[in-house]
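1. from the sequence below, what's the structure:
(chains A, B, C and D)
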4 protein chains.
Amino acid sequence: MLIVMNKNAAASEVEAVCGKIRKLGFTPHAMPGADRTAIGITGNSGPVDPQQFRDLPGVSQAIPVTKPYKLVLREIRGSDTVVEIPSPNGVVRIGGDVLPVMAGPCAVENREMIIASAKAVKAAGATILRAGAFKPRTSPYAFQGLGREGLQYLAEAREETGLPVVTEAVDIEGVDAVEALADIIQIGARNMQNFSLLKRVGRSDKPVLLKRGMSATLDEFLQAAEYILAEGNYNVILCERGVRTFSNVTRNTLDLSAVPILKRLTHLPVIVDPSHATGIRTEVGPMAKAAVAAGADGLMIEVHPDPATAQSDGPQSLKPDDFAQLMRELARIAEAVDRRMG
Amino acid sequence: MLIVMNKNAAASEVEAVCGKIRKLGFTPHAMPGADRTAIGITGNSGPVDPQQFRDLPGVSQAIPVTKPYKLVLREIRGSDTVVEIPSPNGVVRIGGDVLPVMAGPCAVENREMIIASAKAVKAAGATILRAGAFKPRTSPYAFQGLGREGLQYLAEAREETGLPVVTEAVDIEGVDAVEALADIIQIGARNMQNFSLLKRVGRSDKPVLLKRGMSATLDEFLQAAEYILAEGNYNVILCERGVRTFSNVTRNTLDLSAVPILKRLTHLPVIVDPSHATGIRTEVGPMAKAAVAAGADGLMIEVHPDPATAQSDGPQSLKPDDFAQLMRELARIAEAVDRRMG
Amino acid sequence: MLIVMNKNAAASEVEAVCGKIRKLGFTPHAMPGADRTAIGITGNSGPVDPQQFRDLPGVSQAIPVTKPYKLVLREIRGSDTVVEIPSPNGVVRIGGDVLPVMAGPCAVENREMIIASAKAVKAAGATILRAGAFKPRTSPYAFQGLGREGLQYLAEAREETGLPVVTEAVDIEGVDAVEALADIIQIGARNMQNFSLLKRVGRSDKPVLLKRGMSATLDEFLQAAEYILAEGNYNVILCERGVRTFSNVTRNTLDLSAVPILKRLTHLPVIVDPSHATGIRTEVGPMAKAAVAAGADGLMIEVHPDPATAQSDGPQSLKPDDFAQLMRELARIAEAVDRRMG
Amino acid sequence: MLIVMNKNAAASEVEAVCGKIRKLGFTPHAMPGADRTAIGITGNSGPVDPQQFRDLPGVSQAIPVTKPYKLVLREIRGSDTVVEIPSPNGVVRIGGDVLPVMAGPCAVENREMIIASAKAVKAAGATILRAGAFKPRTSPYAFQGLGREGLQYLAEAREETGLPVVTEAVDIEGVDAVEALADIIQIGARNMQNFSLLKRVGRSDKPVLLKRGMSATLDEFLQAAEYILAEGNYNVILCERGVRTFSNVTRNTLDLSAVPILKRLTHLPVIVDPSHATGIRTEVGPMAKAAVAAGADGLMIEVHPDPATAQSDGPQSLKPDDFAQLMRELARIAEAVDRRMG
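-> Numbering: from 1, shown residues only, chains lettered A, B, ... in the order given. I've put the predicted structure just below:
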């Protein structure tokens, strides 16, 4: 059930509807949009009678929802969600006309390298620092990240550069630490259907970057996001990072058509990670440009000061100079679709 | 590194090798096989010099391992692992000539239905009861299982029938409860790369049933199992349950060739779940028979006393009568490959 | 439109219905089944009014068909099609209780090897000889087969052994030659949607073995078969040979669930080619056994007198001894499903 | 074997090398590049000794080729192939800085609609007219195109507008007619491995547009192109049109990363067909823009004067006005990558 309020509905009217929903034993989710507020209802186990809401003051429409997700639906906000990340350099917005780039190495390897990386990507125009402290690895014997020590270095890099930090939480135990130190909590592709983890970050007040699972349909992707919103955290950023197909040249197959389709279905911002999607350094630039042309709301790109020595994902990491060059090229594409990088 | 002992090596010789490994700061994994013991080494970050082991008493060979997994390798045991499940009805073995069938409903719906299900599947010849108390669901609004209450009913069903119980743990919080009450802990397809969960059940003394991820390669599947063995739990059962492809008739595409390939690569038992693989009741029987013919070590089959009213997976659940008929047909196939059901 | 005649409808009544269909400008396809004849209609561009047929003598039902195929539908025959291949050794039937095995090398390499192969597979129990004279090859620079010379050798091998021959026609130019010399015309996976070729073999009086395309849905597969039947050739044998997925161990992923699903949808016989499906010699046996257990109506298996020297597909070809052993194992599986090999 | 000539090698020196190759019984393929000519050799069944060429006048290098294709390799030309299409409006080039758009309806439905379509797409800036006269259709009962009559209407549309025409040849029988009337012969995705058809168009003097097969790897795609070049037709345009994956929202999954990868491997131009790739009108624009940003050499877009009444592919066809708007947007993207539409 989705209750759309009138354009000029008073805050008290919105609250009255929410109160009524609570009285029924359900949970209201009021989401202010560009020109009206809508209220989603969760916690009901069967259909809710719309009639009881239609006559309340300020209510414009009460619409039954038949999809397996509600709060992520574009209709609920009627406009794009803009996730705001406060930072020493000012607020970074994701979901508007300005496209942020989250850049940095695959993993925090040590203090020096992450600070050097942060400075390099900032100089090139990135506005968010990415790097993994906890690394989910296919083999139990591969480097699993520096853990809390890595988080600490990320905080130092933020202090040095003012760049807010996005980093992955791989399990519930790690969420507390990531939540305390990061500005955006990343949920990786392998955890897209780790429902306990989704619920946990749904109760966080930090924004969540949710990556599409390796073989997730867009429907499953949106339902995973719905898990987070249903717990009350509406600041979710979706990230297309390639899907698994028969194709054997690139690591994954970047499904760029997901961008316009998701933008049509949901109000959440959609960004693209061309580094994991392709796994090949020379493909990152063309795919990053294609993503911006297709309407992506931002990018996540791996940059390493010295890819040849990287502890993971070296072959897909850009060198700082190449990244700076790419940022200049991206600026031109962004302008051609009436947006700008930053 | 894999250290193969002589056929008649003394227990003290095995222990001496393990002691030497511990002294180096690594972890020894001694695995007795049909006619000799081998010892795997984990915890090393680089290659280990084999020379230092070759002259120890009782050592036959010290073999460097180049694959990203070690303890799951067939070579380490030189024979099949047989997982033993104690039960009131006697020990149920998985991995030998007798093929157990794990049968029961998708979810525990209430006390009566799970006890009725257990009796029905036992009467038809199943030796293990399956049912979910914690259900991972794509939508946050779908029935998520009865939780601890469901576990309690499973325990009662076991008491009534003597059937040991396999049920899924969907997160680390739930493992304690499942571990306490179940006989086999199931890790579902969506959690195949939930590495924290794998490590946790790797420290359990209960056997683990690990399902192949929806788009996992066999290499990734084996590495996921390696996570569990590396923690010291060698009682892992692999389960093929279909992979995601373009094919649009069945829910997933059952990849039966995984059975002989896995059997060739690893000593772990491999079972097949034709219910989730196909999602269609009429396909379950043919695929179950095919699995046994292909060399599977057991089956997991959904049976519901009244599929039409099932809270989940009704369309793929067999009725008890159909299941009983299938068990008779399976007995003939098993005999044709010199094995037997039970 | 499908017109089902009464059980005891006279031949003249069937012919009267066909005549009426022809008078409307359409093409009748009368298909006798086990206990009644049904008549399909093609050539109509829109729906045909069933009423005009319902009152004709001998007509039981006139059923509109809404699927994109008609003549392949199980309903039209109400029983299984049994394709009959005359041969010096007697009629070989495909689609009944006796399961033929088509065996032989990937390609005819020379006279001696194909005759030796034919004798070896016959000795082991195969009833049809398979081998390619025209080879569709991914690279223009790979061995493309002996062509007409190869067909000639196949005819000699048939003369020596009495085994009927199945071989591929890769283009319309080659169909005449294959049709003249072979007993079954094979259409390969790459040509499953070569519609001109399908129409041409639809006008042949030789049976057609149609392989599933590498990424064909079952719906597309059945429509490809429909192209052949619509031209009047009802002797079509479907062959599952693996589909392309992300899986990277086997050459293709054998989709065995296609067997029971196709058998449910169509009256045509369904066989399985485990050699091309897996591309690995050791997987051929387990998958062949699984296919028979799943209900396949026959098998196609690559056997080469000396796989190490094979000009193509050596790694997936069985040696004659291994094939003979497999045939013994298959006999037991066939018996377990109330059928027999031969 | 690839023989690279000196920058200033004389034509007579090139011819001398070709003569020597012919004398060995092989076929020389001299391909002039931007700053030197290279000569490929086909027709050899084993390796060719490079030494015998290294000392010939004008030869710079003789390089053995280990890939399963040679003539499509970027190295052979050392620069991009530019396919030139003569037309009443001047030469249209594919493969250079100016990006042609091939636009028009899926099928020629009648004279008026194709002429109207041609005028509309020309007005919007398209430089090539696309439309099918022969339509390969999954169902034998679907509209299969107007055939030769359709070709005739295409010729009239060309006469009216000056736009050169690209249209599909679905079989060898049809190639003569298409070759006589069209300016570019299209080979569809289903025929990518119809090797007889590839060889036939390899002997044509008309350029060939080769579409990637539904589940073709890039390696298979390049080998299919090699079939055409090996026959002497070097004017081949590759077209990415989406591949088949598990993804179930779009008709296919557009694999845009194929563009930069193919451009790196081959000298042939690479265009993109966002209409067939997505099957959804609203996705065509974003994917067309992404393709240009990713480096595509041109586009193929379905435009229908009245999509609602289209006999095929209506849901993915743009209306003329939307196409005109898209062309304006594409112009901006092209400029942002230093190219221009036209």
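2. tell me which stretches of the stretch 51-200 of chain A form strands.
-> A:59-63, A:83-85, A:92-94, A:98-99, A:101-104, A:128-130, A:165-168, A:184-187 (DSSP state E, counting those that start in this stretch).
3. to chain C, which of those lies closest?
-> Nearest of those to chain C, taken as Cβ to the nearest Cβ: strand A:184-187 at 22.4 Å. Every residue, glycine included, has its C-beta placed from N, CA and C.
4. what is the burial count for the closest residue to A:R340 other than its chain neighbours?
-> Leaving aside its sequence neighbours, A:R340 sits nearest to A:A334 (Cβ to Cβ, 6 or more residues apart in numbering or on different chains; 5.1 Å). A total of 21 residues lie near A:A334 under the criterion other Cβ atoms under 10 Å in any protein chain shown.
5. please tell me how far A:A334 sits from A:T66.
-> 37 Å (Cβ to Cβ, to the nearest Å).
6. just A:T161 next, same as before
-> 47 Å.
7. so these two - more neighbours on which side?
-> Shown here are A:T161 and A:T66; by other Cβ under 10 Å, A:T161 has more neighbours (22 against 7).
8. picking up where we left off before, want to try a markdown table for the strands of the stretch 51-200 of chain A, with mean neighbour count, mean pLDDT and distance to D:V14 as columns?
-> A markdown table is the format used below for the strands of the stretch 51-200 of chain A (neighbours: other Cβ atoms under 10 Å in any protein chain shown; pLDDT from 0 to 100; distance: least, Cβ to Cβ, whole Å):
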| stretch | mean neighbour count | mean pLDDT | distance to D:V14 |
| --- | --- | --- | --- |
| strand A:59-63 | 17 | 92 | 73 |
| strand A:83-85 | 19 | 97 | 62 |
| strand A:92-94 | 22 | 98 | 57 |
| strand A:98-99 | 22 | 98 | 51 |
| strand A:101-104 | 29 | 98 | 49 |
| strand A:128-130 | 29 | 98 | 53 |
| strand A:165-168 | 26 | 98 | 57 |
| strand A:184-187 | 24 | 98 | 57 |
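9. and those strands: which comes nearest D:Q186?
-> Taking Cβ to Cβ as the criterion, strand A:98-99 is the member of these that comes nearest to D:Q186, at 37.0 Å.
10. give the other helices and strands that the closest one contacts.
-> Applying 3 or more Cβ pairs under 8 Å, 6 or more residues apart in numbering or on different chains; DSSP states H and E, one finds that strand A:98-99 contacts strand A:340-341.
11. mind doing that once more with 10 Å?
-> helix A:320-336, strand A:340-341 (3 or more Cβ pairs under 10 Å, 6 or more residues apart in numbering or on different chains; DSSP states H and E).
12. now do the helix or strand encompassing A:E13 against strand A:59-63, angle only.
-> A:E13 belongs to helix A:11-23 when assigned by DSSP states H and E. Going by axes from the mean of the first three to the mean of the last three Cα atoms, to 10 degrees, helix A:11-23 is angled at 30 degrees with respect to strand A:59-63.
13. so which bits of helix A:11-23 are buried?
-> Neighbour counts over helix A:11-23 (16 or more other Cβ atoms under 10 Å in any protein chain shown) mark A:13-14, A:16-18, A:20-21 as buried.
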